[in-house]
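> show me how the following folds:
(2 chains)
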Amino acid sequence: MSESQVGPPTDDELLARCRGGEAAAFAELVKRHALEVGRLIGCLVDDPDLVAGLVQETFVRAHRGLASHRGGRIGAWLARIAVNVVRDGRRYAWFSPVDEPESAVRRGMAGLPPKLGEPARLRFLAGESYETIGHLLELPERTVRVRAEAALNRLRVELGERSERCP
Amino acid sequence: MRCAHCRPLLEAYRMGELDEVRSPLVEAHLSGCDDCRRRAESLAVLPVLRSAAPPDWSPPDGFVERVLYAAEEPRTAVEWALGRRPGERRRSEPRLRCAAAAWLWVGFLAGLLAAMPATRRLLLGRDLAELTFGERRLELLPWSIEDPLLKPRRALVVSSPAQRLHSTAEALAEGWAYAALAETLVGRHPWDDQAARRYRTALDESPGEPWLALRYADAVSGVWAQRDESGRSIDPALPATVDAATAEALRLDPNNAVAHYLRAAYLWQAGDEPGFWSALRDGNRAPRATNHTRAAADSMRRLAVASRVTPLPFWATVWKEWRDDAPAPLAGLVEGSRQWARRARKQGSSVRFLDQRLELVKTGAWLRERGESVGLREAGTPLVNDALEWTKRELSWVECWQAGGQEMASQLRTLGRAAEADWVLGQVSAHQAAVEGAFSDIPWWAWWAYDPLSLPWLSACLGLRWLSWALALQAMVLACLGLARRDQWDLLPWRLAEASRVALPALLSSLVLTGILILWPVLAGTYTSGSGRALAVVVAASLLILPCLACRQALQRLARRYDRRLGAAREDWSTRLVAGDDTAACRSEFLRAAAPEFYLTAAALTAAAALLLAVPSAILEHAFARILPDLMAAFL
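Sure thing, here's the model as predicted:
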């Protein structure tokens, strides 16, 4: 008997069972990756009340798109779905940004355009590497670096000005 | 560690991502390198940003079950509340947009195809209509943009195709048209022969009278131009007579500049170019030469060199008119001939040629008036006869139906020649009937097919009109849905956002299409001036784009406001849904939380958008027919 048969099932094995219609396997996937997806979405949206719904939407989409998964790490696949869910929500006004985030950093992030805000949130809030961000956003790594740096410059000015106004 | 190794690690160092090996190395380098330390200090905001990261999210109780429930439904709570899946809208949007754009482009291409000559011949089996007046052959095309949505009008303003006009213009520029001006004045004058004999007799009776000699030369030069239909000179001995007459006039009065100029014209006509230049110089040096005569002689020289044709009768009349103490008409005549010669060299398009045709008609009328004044004073109304001939010839051009025929008939009636006036009017009616007859057997659809503008223009106008109607219809449908099915109210923001997203590209594409349609005849260089159409493009753009953008912004703002109310209760519904609440009860609660007034506002906005689109489209439809022709007539 091999080692994989006695240990917990891998993500790929769970995925295969999900495709076979086993709900318990999908529940196990949700349990394994919900925290990771929730942390990512929490960095991308300013309203913490939205996170649960968006995570749920992410897994629902993943469940519908099980057949479209073409290998690779499940976590990365789910992260890309999560980014798309947040984008769709913002684009089609599923949710609107909160009026005024309490945190100065969040306020600064909210003021960034999505093109700069997404790399900045993923890099500076979520702590993802530039390579991972490029994979999530489907952008070259250098582009991600440039945009994150541009966002950082804006945030630096923004936070500096705010701190000067409100010492 | 060097700076080049340290700097790429500064960001990771500030964010605390470096391992235990590299972190001390970076710290050591920073302690000894001011430049890198300043760079690291500029990244001091990174820890602040990192500290703002949200706390780890933990799924609420029952989260997995909710996900499974929603995935199997398969709807999330939001989608359940919305009554549909998110993908449904995005699937329908391209279809609507493509359908709208395809409809417009099909109309445009159909119009373009139908306007091609090959297609026209294929449809009709022949050209639309042809009229033959003497040596001229006109291809008649309907040209009407008046109220294209009602019916095509039979335009009486006809023109031959641009290429034919262009080639005709080039052929006429140096020859017929110029000769027509001259012949209008002095060509085919039966009285010239009589006058020449009279002046000859008077000169014989009073030898040495300069003005009689000059009059005799004028009359002889007029006879010079008399030609029969074969083009042969009536009197082959006339050149020698003119030579003798002008020589005699100069012998009697060598200081008469006009006699020198007249002889110069004769010598040019006779092919004696050195003699022409010599006589011209003698005329300019003559003591009685004035600025007027020098200017006229210079004009004669320019025309002679430029066109290689200097009809002697024409210049004979020029000098005669000057001699009659009419310097102003002389100056006008010279200037007119200069302008005409200048324009003749600039034949470019049918538009210009038509303008020149009109200018020719005007100039001809002016010359006829001048000639008539001279002719009536001197010999009754012989020039009217010539003008009548000219009018007969020009009646084949529709412009002359009014400018030529009516004016000539009026003149003839003033002179008491009612029979000839009736004849002119009869000719006008006959030609008009001929044109009408040529158009009478054309099928109705050929008018659209032959008109290079009406069908695409019609498509664009109909597109705009139908689009506005569609928006109005959508407003009504939404109203009915909202009143009949209250559970569909929540779909309104997305439907409206969808409508705005669909409508704007369609409108923009139709706008571009309209611009192409308007500018197309101008780019093709046919028929009409482009300034009015360019103005119409600007007006259309300002009328269409601004209301669309404003409406779109308003709808989206409304949708966002509505969505905030929806989002406030979403989580609660989701929870209760999982908890097994009655679906209908959840929906009812949602609808109570939603804003009922949103529907009325949205419907009003949509209706306003439809109205804002309908008004500019109606303006555009009638712009050419009602507004721009008047403006163009006023300014151009």
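> helices of chain A, start to end?
The residue ranges that make up the helices of chain A, judged by DSSP state H, are A:3-6, A:11-19, A:23-44, A:51-64, A:74-91, A:104-110, A:114-120, A:130-137, A:141-165.
> contacting residues around the residue nearest to the spatial centre of chain A?
With distances taken as CA atoms, centre = their mean, residue A:40 lies nearest the centre of chain A, 3.6 Å away. Residue A:40 sits next to A:79, A:82-83, A:122, A:126 when contact means CB atoms under 8 Å, 6 or more residues apart in numbering or on different chains. Where you see a C-beta, it was placed from the backbone N, CA and C, and this is true even at glycine.
> most packed of the helices of chain A?
Ranked by mean neighbour count, these are led by helix A:51-64 with a mean of 24 (mean count of other CB atoms under 10 Å in any protein chain shown).
> how far off centre is that helix?
Averaging C-alpha positions (CA atoms, centre = their mean, to the nearest Å) puts helix A:51-64 12 Å from its chain's average.
> got it, and stretch A:129-149?
A distance of 14 Å separates the centroid of the chain from that of stretch A:129-149, by CA atoms, centre = their mean.
> and it, average pLDDT?
In this model, stretch A:129-149 carries a mean pLDDT of 88.
> is any part of it close to chain B?
No - counting by CB under 8 Å from any CB of the partner chain, no contacts exist between stretch A:129-149 and chain B, the nearest distance being 8.7 Å.
> ok, and what's touching that stretch?
A:76, A:79-80, A:83, A:115-116, A:118-120, A:122-124, A:128.
> end to end on that stretch, go ahead and measure it.
Start and end residues of stretch A:129-149 are separated by 14 Å (CA to CA, to the nearest Å).
> so residue A:28 touches residue A:13, yeah?
No - here residue A:28 does not reach residue A:13: they are 9.9 Å apart, not a contact under CB atoms under 8 Å.
> residue contacts, the closest residue to residue B:60 other than its chain neighbours?
Counting by CB to CB, 6 or more residues apart in numbering or on different chains, the nearest residue to residue B:60 once its immediate chain neighbours are dropped is residue A:52, at 6.0 Å. Under the criterion of CB under 8 Å, 6+ apart, the neighbours of residue A:52 are A:38, B:59-60, B:63, B:571.
> same deal with residue A:51?
Shown here is residue A:51, whose contacts under the criterion CB under 8 Å, 6+ apart are A:38, A:41-42, A:45, B:57.
> can you tell me how far it sits from residue B:63?
Distance check for residue A:51 against residue B:63: by CB to CB, to the nearest Å, it reads 11 Å.
> low-confidence regions, the stretch 151-300 of chain B specifically.
When residues are selected by pLDDT under 70, those of the stretch 151-300 of chain B lie in B:151-242, B:252, B:269, B:288, B:290-292, B:295-296, B:299.
> out of the contacts of residue A:40, flag the one nearest to chain B.
Sorting the contacts of residue A:40 by how near they are to chain B, with CB to the nearest CB, puts residue A:126 at the top with 6.9 Å.
> including distance to residue B:24, could the helices of chain A go into CSV?
Formatted as CSV, the entries for those read as follows, by distance: least, CB to CB, whole Å:
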stretch, distance to residue B:24
helix A:3-6, 39
helix A:11-19, 37
helix A:23-44, 30
helix A:51-64, 38
helix A:74-91, 32
helix A:104-110, 29
helix A:114-120, 29
helix A:130-137, 24
helix A:141-165, 25
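> so which of the ones you listed gets nearest residue B:253?
In terms of CB to CB, the element of those nearest to residue B:253 is helix A:114-120, at 93.1 Å.
> from the contact counts, what lies against that closest one?
For helix A:114-120, the packing partners by 3 or more CB pairs under 8 Å, 6 or more residues apart in numbering or on different chains; DSSP states H and E come out as helix A:74-91, helix A:104-110, helix A:130-137, helix A:141-165.
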